[in-house]
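Chemist: Quick one: sequence and predicted model below, then my questions.
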Amino acid sequence: MNGRDDAGTGGREAGRNAAGLDETELGGPLGERATLVQFSSAFCAPCRATRRVLGEVAAMVPGVAHVEIDAEARLDLVRALGVLKTPTVLVLDAHGREVRRAAGQPRKADVIAALGEAV
């Protein structure tokens with residue numbers, strides 16, 4: 001998404017990558033088809049725009065959920081997933097496995113294209 005993809009899975013543990021993330025870890029429900037996970041911080045202006053874009057995409061694509069995570073409140077998850085900046089967006093498949101990631105504010109078209117890999 002947006003040409004600023006992080007390579008690989010960062011600091012992610014191999015077992016977690018295979019099993020995927022669950023609703024307990026995310027603090028919100030997984031989508032039936034895919035989940036857009038946004039890591040944000042309080043004073044991040046691009047995070048607000050990213051929230052709007054991801055919310056719009058989740059509303060227009062059936063079975064897609066948007067979950068926003070406060071990076072400062074969830075440092076355990078930030079470290080486990082190798083999130084280095086906000087906003088960072090993860091695209092998860094229906095099983096909670098990461099299929100795509102990007103750092104920075106995404107364009108709506110890029111998010112929709114990335115969802116194609118997850119569904």
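Modeler: Structure received. Numbers count the residues shown, from 1 in each chain.

Chemist: use CA for all of it now, contacts and neighbours both
Modeler: Noted.

Chemist: Quick one: name whatever helix or strand follows the strand or helix carrying Leu77.
Modeler: For Leu77, the element it lies in under DSSP states H and E is helix 75-81. Sequence-wise, the next helix or strand downstream of helix 75-81 (DSSP H and E) is strand 88-93.

Chemist: tell me what the very next helix or strand once past that next one is packed against?
Modeler: Going down the chain from strand 88-93, the next helix or strand is strand 98-103, by DSSP H and E. Judged by 3 or more CA pairs under 8 Å, 6 or more residues apart in numbering; DSSP states H and E, the packing partners of strand 98-103 are strand 88-93, helix 108-118.

Chemist: returning to what we had before: can you give me the buried ones in the helix holding Leu77?
Modeler: Using 16 or more other CA atoms under 10 Å as the test for burial, helix 75-81 gives 77-78, 81.

Chemist: And stretch 29-41, by the same measure?
Modeler: Buried, per 16+ other CA under 10 Å, within stretch 29-41: 30-31, 33-41.

Chemist: just stretch 89-108 next, same as before
Modeler: 89-106, 108.

Chemist: partners of the residue nearest to Lys85 when sequence neighbours are not counted in the sheet?
Modeler: Among residues not flanking Lys85 along the chain, Ala103 sits closest, at 6.7 Å (CA to CA, 6 or more residues apart in numbering). Residues in a beta bridge with Ala103, per DSSP bridges, are Thr88.

Chemist: Looks like Ala114 contacts Pro106 (just checking).
Modeler: No. In this structure, Ala114 is not within contact of Pro106 by CA atoms under 8 Å, at 10.5 Å.
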